[in-house]
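Undergrad: generate a structure from the sequence data that follows.
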Amino acid sequence: MEFYDIGLTLAFIVFGAGVIRRASHWFCLRSSGSFSFTFAGAARALIADVLLLFRTLRTSPLRWAAHCLVFFGFMGLLLFHAMDDTVTAAFFPNYEPTLDPWQFLRNLFGAITLVGLVLMVLRRVMQEKLRTLTRFQDWAALLVVGCIILSGFLLEASKIISPVVFDDMVYEYFVAEEGRDLTALKAYWTKEYGAVFPETLPMDADTLEHGRELDEESCADCHSNTASAFVSRPLSMLLTPIAPALDVSRAHEVFWSFHVLFCFIALAALPFGKFFHPISTPLNLLVRQGRRDGAPMSGRARKVALDACTRCGECSLHCSVAPVFSVLGNENILPSEKLLSLRKHAAGEPLSDEVLKAFAEGSRICTECMRCTDICPSGINLQDLWLSSKAELAEAAPEPDRAVRGMSPDKWTSCLVEAEGVKDILPPVSGLADNAESFWACVQCTTCTSVCPVVAVSEDSTRDLDLAPQQIMNLLRMGLKDQAIGARMVWSCTTCYKCQEHCPQNIRVADVLYELRNTAAARLRAADNPCEDKGDLS
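TA: Numbers count the residues shown, from 1 in each chain. Got it, this is the predicted structure:
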């Protein structure tokens, strides 16, 4: 037991230190913002969101089923197996782990946990978008829990067929009498319990009946028929051909060591990374009390929320700007990935210029539609987290429209279009601005300008916008696309589509303006804002 005592002590030390470190961040902040907390709301959240996982059900019935299986299965193993001396024995004085219903329940809890893990793995493998979001920690968490369950089944199966385990039991519990033969008991255990012995045993009715009497006298009080172990017993039958080798190598001790080791790893890893969510996610759900709005939270609540992410990927799968990620390739556009950068940023970890710009771009592209907050199974107020960081990020990494608005179209052409490598950047989407059929029919009737709300609210459109929409179409007709990109109108457009809807020539004015903006953003990203070095920005 020295290995067990040392391992358990070390695991608890690491676990305790990690929890203290994580929790200390929650209380070292001055509280700002507010939220309403009631015990009735917390009780509802405990039942609906923590125990019944109703928030997960809103995302996917399959995902909800998988999480319920893992949650209830693992909690059953934790309470009635790992903590049996503390929980089960306290309520059932005659408790023995090898008696039913505990032997059956142990297999049941292990089986449903394993089924839930399989569903989780299949979900991440089968869904392409989710597969791209899955990181090492996601697989590691599934692997550790899976190894705990599988090693437990292998341990029980090896003990069922092991003659060494049988001999140890006989030595400790069997009432020895002179001339008493154990052959009958071995024969009975071979037939009823699945034990495998090296010698050939008589299996006649008289021998088995005598073995049954011996079993009832010395064994039945502590052992149920292993047929109730509906996973371990069939597994032991598969191991029967190699039973002698397993017995010589004392495989049950090896499997026990692995089983305990994986449990220690899980305990020690619990306060770190994704592994912490079994603690932080229920806490966040209790704090949120079922709310799905983006109301400002306190600083402590934001810290808890940052730690509550399970990296399930649902926020990214439902994100309204997720298609932009497929074009730009910036992972920080996706909420689940942006949350990783935000966690580092909030913890004061220095971010490289490249990471900071990617993080700022992801924050800037967010439309604050609240889909991520509404769908999050962990109840994280992502909307509040984005809004609380946007202002600071805007200063650290200015928006691309500031780079363009600070220059005239001529300056844009001279400093950016001629930058090395920029000419190779192809226009995104469908290339409307490069296709003459997109704008050749423009008759410069100014209808688009007349209905434009941006022009309407501008005091001096020449100063504020440089060019009106129909003038941009004219530049494109003359092949001056680069100058058109630099027009402030391109960046002031609200994409309300009034110009496009009212155009008598059916010209896709709004789509062209939006494409020009995306082309400029792509060039800025590729050239790493060369105009900043020339001092052209205001």
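
Undergrad: switch to C-alpha atoms for all contacts and neighbour counts from now on
TA: Will do.

Undergrad: in contact with residue 261, which residues are there?
TA: residue 7 (Cα atoms under 8 Å, 6 or more residues apart in numbering).

Undergrad: distance check, it against residue 151.
TA: Distance of residue 261 to residue 151, computed by Cα to Cα, to the nearest Å: 10 Å.

Undergrad: neighbours around the closest residue to residue 276 other than its chain neighbours, how many?
TA: Nearest residue to residue 276, sequence neighbours excluded (Cα to Cα, 6 or more residues apart in numbering): residue 270, at 5.0 Å. Using other Cα atoms under 10 Å, the number of residues around residue 270 comes to 22.

Undergrad: can you check the one 3 residues further on too?
TA: Here the count is done by other Cα under 10 Å, and residue 273 has 14 residues near it.

Undergrad: and it, its phi and psi?
TA: phi 60, psi -140 (degrees, to the nearest 10).

Undergrad: who's in contact with it?
TA: For residue 273, the contacting residues are residue 137, by Cα under 8 Å, 6+ apart.

Undergrad: now with 10 Å?
TA: In this structure, residue 273 makes contact with 137, 138, 307, 308, 309, 310, judged by Cα atoms under 10 Å, 6 or more residues apart in numbering.

Undergrad: and the end-to-end length of stretch 199-208?
TA: By Cα to Cα, the extent of stretch 199-208 from end to end equals 16 Å.

Undergrad: got the domain ranges for this structure?
TA: 2-26+35-161+252-276, 163-230, 299-397, 405-533 (automatic domain parsing).

Undergrad: now tabulate these in a markdown table and tack on distance to residue 242 and mean pLDDT.
TA: Converted to a markdown table, the domains of the chain look like this (distance: least, Cα to Cα, whole Å; pLDDT from 0 to 100):
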| stretch | distance to residue 242 | mean pLDDT |
| --- | --- | --- |
| domain 2-26+35-161+252-276 | 10 | 92 |
| domain 163-230 | 10 | 87 |
| domain 299-397 | 41 | 87 |
| domain 405-533 | 62 | 78 |
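
Undergrad: tell me how far the most centrally placed residue in the chain lies from residue 78.
TA: The residue lying closest to the centre of the chain (Cα atoms, centre = their mean) is residue 311, at 1.5 Å. Going from residue 311 to residue 78 by Cα to Cα gives 24 Å.

Undergrad: ok, residue 300 next?
TA: Applying Cα to Cα, one obtains 30 Å for the distance of residue 300 from residue 78.

Undergrad: comparing those two, which shows the higher neighbour count?
TA: Neighbour tally, residue 300 and residue 78, criterion other Cα under 10 Å: the higher count belongs to residue 300, 19 against 15.

Undergrad: three-state assignment of the more buried one?
TA: helix (DSSP: H, G, I helix; E, B strand; the rest coil).

Undergrad: how far does the helix or strand harbouring residue 210 sit from the chain's center?
TA: Element membership for residue 210 (DSSP states H and E) is helix 205-218. Distance of helix 205-218 from the chain centroid (Cα atoms, centre = their mean, to the nearest Å) equals 54 Å.

Undergrad: one step back: so which of the domains of the chain comes closest to residue 285?
TA: Nearest to residue 285 among the domains of the chain is domain 299-397; the distance by Cα to Cα comes to 5.5 Å.

Undergrad: need the phi and psi values for residue 204.
TA: Here is the backbone geometry of residue 204 (degrees, to the nearest 10): phi -70, psi 170.

Undergrad: any chance of the contacts of residue 273 in CSV, plus neighbour count?
TA: CSV is the format used below for the contacts of residue 273 (neighbours: other Cα atoms under 10 Å):
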residue, neighbour count
137, 14
138, 18
307, 27
308, 25
309, 26
310, 20
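
Undergrad: circling back: and the gap between the residue nearest to the centre of the chain and residue 339?
TA: For residue 311, the distance to residue 339 - Cα to Cα - is 9 Å.

Undergrad: same check, this time on residue 350
TA: 15 Å.

Undergrad: neighbour count winner among those two?
TA: Neighbours were counted for residue 350 and for residue 339 using other Cα under 10 Å; residue 339 has more, 21 against 11.

Undergrad: what helix or strand is the more buried one on?
TA: helix 335-346.

Undergrad: neighbouring contacts of the next helix or strand after that helix?
TA: Next in sequence after helix 335-346, counting helices and strands by DSSP H and E, comes helix 353-365. By Cα under 10 Å, 6+ apart, the residues outside helix 353-365 that reach it are 321-322, 324-325, 329-335, 337-342, 345, 350-352, 386-387, 389-400, 525, 528.

Undergrad: CSV please, covering the domains of the chain and showing distance to residue 244.
TA: CSV is the format used below for the domains of the chain (distance: least, Cα to Cα, whole Å):
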stretch, distance to residue 244
domain 2-26+35-161+252-276, 9
domain 163-230, 7
domain 299-397, 44
domain 405-533, 66
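
Undergrad: what's the closest of the ones you listed to residue 236?
TA: domain 2-26+35-161+252-276 (4.5 Å).

Undergrad: that older thread, out of the contacts of residue 273, name the ones that lie in helices.
TA: Judged by DSSP state H, the subset of the contacts of residue 273 located in helices is 137, 138, 307.

Undergrad: check contacts around the last one.
TA: Residue 307 makes contact with 22-23, 26, 271-277, 279-281, 283-284, 339-340, 343, 380, according to Cα under 10 Å, 6+ apart.

Undergrad: surely residue 187 and residue 207 touch.
TA: Yes: contact status for residue 187 versus residue 207: in contact at 7.4 Å, counting by Cα atoms under 10 Å.

Undergrad: show me which of the two is the more surrounded one.
TA: Per other Cα under 10 Å, whichever of residue 187 and residue 207 has more neighbours is residue 187, with 26 against 18.

Undergrad: what's near enough to touch that one?
TA: Residue 187 makes contact with 193-197, 200-204, 207-212, according to Cα under 10 Å, 6+ apart.
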